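> have a look; sequence and predicted model below, questions after that.
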Amino acid sequence: MVGIPAKVVLSLLLALPACATTPHSKGTSAAPQPPAPAKPGVMVGAEQLEKYLPQLKNKRVGLVVNQTSRVGTSYLVDTLKARGVNITAIFAPEHGFRGEEADGATIKDGRDARSGAPVRSVYGKTKKPTPEMLADVDVLVFDIQDVGARFYTFISTLHYVMEAAAELKKPVIVLDRPNPNGDLVDGPMLDPAHKSFVGLDPLPIAHGLTVGELAQMINGEKWLAGGRRCQLTVVPVAAGYTHATAYHLPVRPSPNLPTDHAVALYPSICLFEGTNVSVGRGTATPFEVIGSPSQPSTRPYSFTPTPNAGSPTPPLKGQLCYGLNLAGAPTREGSGLVLKYLLDFYQQSTDKMHFFGKYFEELSGTTALREQIIAGKSEAEIRASWQPGLTKFKALRKKYLLYPER
């Protein structure tokens with residue numbers, strides 16, 4: 001999920017992921033439902049083995065993968081190993097190779113017991129693979145499910161993997177997967193002054209690209225250091241997929257996105273992670289509830305974040321939070337992000353001085369949004385300020401689309 005730098009997160013009390021609720025009289029919380037099976041007929045890149053296995057023959061292969069990297073129900077690493085592919089390294093992003101670590105938790109090096117391949121962390125002190133880490137790799141394969149938000153750190157890992165590969169002249173193969181928010185393009189553009197691991201490239205909050213399309217954009221626009229381009233191959237989702245195709249994730253993409261509804265709300269609700277409002281980490285319904293002790297007690301829902309497997313130290317741990325249960329709530333305003341909750345929670349806050357934290361700028365990608373909210377700008381005025389950047393980005397996006405809009 002969003003890659004919250006550990007020191008920043010802890011200082012803001014807005015860290016790590018979740019799942020376990022303490023319901024109160026004003027609201028109850030249902031247990032999270034597993035994601036629905038993938039839409040029949042959607043064949044992801046990893047399942048089209050004939051299109052990339054020949055490029056791995058007699059090569060030392062490095063995999064950039066996690067728990068979503070599967071061919072059917074089999075892990076990609078096991079599928080390739082069974083076909084004789086020489087896997088010399090696995091590169092583990094945020095949440096780790098098995099996707100079990102909390103947001104912002106440092107991922108450690110290790111070894112995969114089943115394949116025997118060394119696991120090398122690219123979410124710790126090192127986020128960009130070093131030449132030493134790639135010394136025994138001839139080709140890199142990237143296969144990770146994304147959710148279409150600029151601050152979801154797997155696309156930053158993609159950027160750095162491509163950059164390291166370009167510097168060493170090693171090819172990269174991206175096995176594409178649908179973007180469950182693939183028709184959503186909205187939000188402020190990233191200001192370079194707020195560039196970070198939760199925002200490396202000049203994208204809006206919701207970019208409406210698959211990882212394959214984004215990889216082509218990064219390459220084509222020369223966003224890698226030094227204007228380099230890597231030797232890139234994208235194995236697209238099979239014909240029939242469009243950006244409007246409903247796609248139900250067969251595996252949760254990170255610990256705190258347990259449902260399709262949470263995934264759909266994530267691009268809008270994640271901005272609260274830069275405030276003193278909990279997004280439900282430490283509850284059974286992360287990213288489907290929002291609340292804070294500094295909200296009015298008359299709010300219709302309340303919850304208390306509690307440590308659990310996904311969130312050992314949830315923001316506002318043990319504090320009664322007043323807010324909203326968004327289960328079943330719309331995940332879009334028209335065709336855009338849901339902005340009304342952020343404006344409302346600021347206006348209703350009893351502690352406006354501490355509502356925003358420094359991390360808000362990293363997530364929003366701009367100083368303007370905080371300033372607009374404090375100034376009492378309307379939703380229409382804020383959205384209008386995004387349009388010049390979005391218009392340019394949408395034109396750029398069209399150059400790199402692999403799939404029809406509808």
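Received the coordinates, thanks. Residues are numbered from 1 along each chain as shown.
> how long is stretch 68-86 from one end to the other?
Taking Cα to Cα, to the nearest Å, stretch 68-86 runs 21 Å from one end to the other.
> no no, stretch 302-311
19 Å.
> that one: which residues count as buried?
Going by neighbour count (16 or more other Cβ atoms under 10 Å), the buried part of stretch 302-311 is 302, 303, 304, 305, 306, 307, 308, 310, 311. Bear in mind the C-beta positions are built from the backbone N, C-alpha and C, glycine included.
> same question, stretch 390-397
390, 393, 397.
> cool, stretch 234-245 as well?
Residues of stretch 234-245 classed as buried under the neighbour-count rule (16+ other Cβ under 10 Å) are 234, 235, 236, 237, 241, 243, 245.
> of all the buried residues of stretch 302-311, which comes closest to residue 184?
Closest approach between the buried residues of stretch 302-311 and residue 184, by Cβ to Cβ: residue 310, at 25.1 Å.
> hang on, that closest one is in a strand, isn't it?
No. Per DSSP: H, G, I helix; E, B strand; the rest coil, residue 310 lies outside any strand segment and is coil.
> so which strand or helix has the closest residue to it other than its chain neighbours?
Excluding its sequence neighbours, the residue lying closest to residue 310 (Cβ to Cβ, 6 or more residues apart in numbering) is residue 255, at 3.9 Å. Residue 255 belongs to no helix or strand when elements are defined using DSSP states H and E.
> so what pLDDT did residue 255 get?
Among the per-residue scores, residue 255 shows a pLDDT of 90.
> so it sits against residue 308, correct?
No. If you go by Cβ atoms under 8 Å, residue 255 and residue 308 don't touch, sitting 9.6 Å apart.
> beta partners for residue 336?
Using DSSP bridges, the bridge partners assigned to residue 336 are residue 333.
> how much space separates it from residue 269?
14 Å (Cβ to Cβ, to the nearest Å).
> one more: residue 200?
Counting by Cβ to Cβ - residue 200 and residue 269 are separated by 22 Å.
> who has more neighbours out of the two?
Comparing residue 200 with residue 269 by other Cβ atoms under 10 Å, the one with more neighbours is residue 269, at 24 against 21.
> was I right about that one contacting residue 279?
Yes. Counting by Cβ under 8 Å, residue 279 is a contact partner of residue 269 at 5.6 Å.
> name the residues contacting each of the two.
The contact sets of residue 269 and residue 279 overlap at 287, 290 (Cβ atoms under 8 Å, 6 or more residues apart in numbering).
> in terms of helices and strands, where is residue 91?
Assigned by DSSP H and E, residue 91 falls in strand 86-92.
> which residues touch the next helix or strand after that strand?
Sequence-wise, the next helix or strand downstream of strand 86-92 (DSSP H and E) is strand 110-111. Contact partners of strand 110-111, identified using Cβ under 8 Å, 6+ apart, comprise 117, 118, 119.
> so what's the first one up against?
Okay, so that is residue 117. Residue 117 sits next to 63, 77, 87, 88, 89, 90, 111 when contact means Cβ under 8 Å, 6+ apart.
> equivalent analysis for the second one, please.
Under the criterion of Cβ under 8 Å, 6+ apart, the contact partners of residue 118 comprise 88, 89, 90, 109, 110, 111, 112.
> let's see 10 Å
Shown in contact with residue 118 (Cβ atoms under 10 Å, 6 or more residues apart in numbering): 62, 87, 88, 89, 90, 91, 109, 110, 111, 112, 133, 136.
> all set, thanks.
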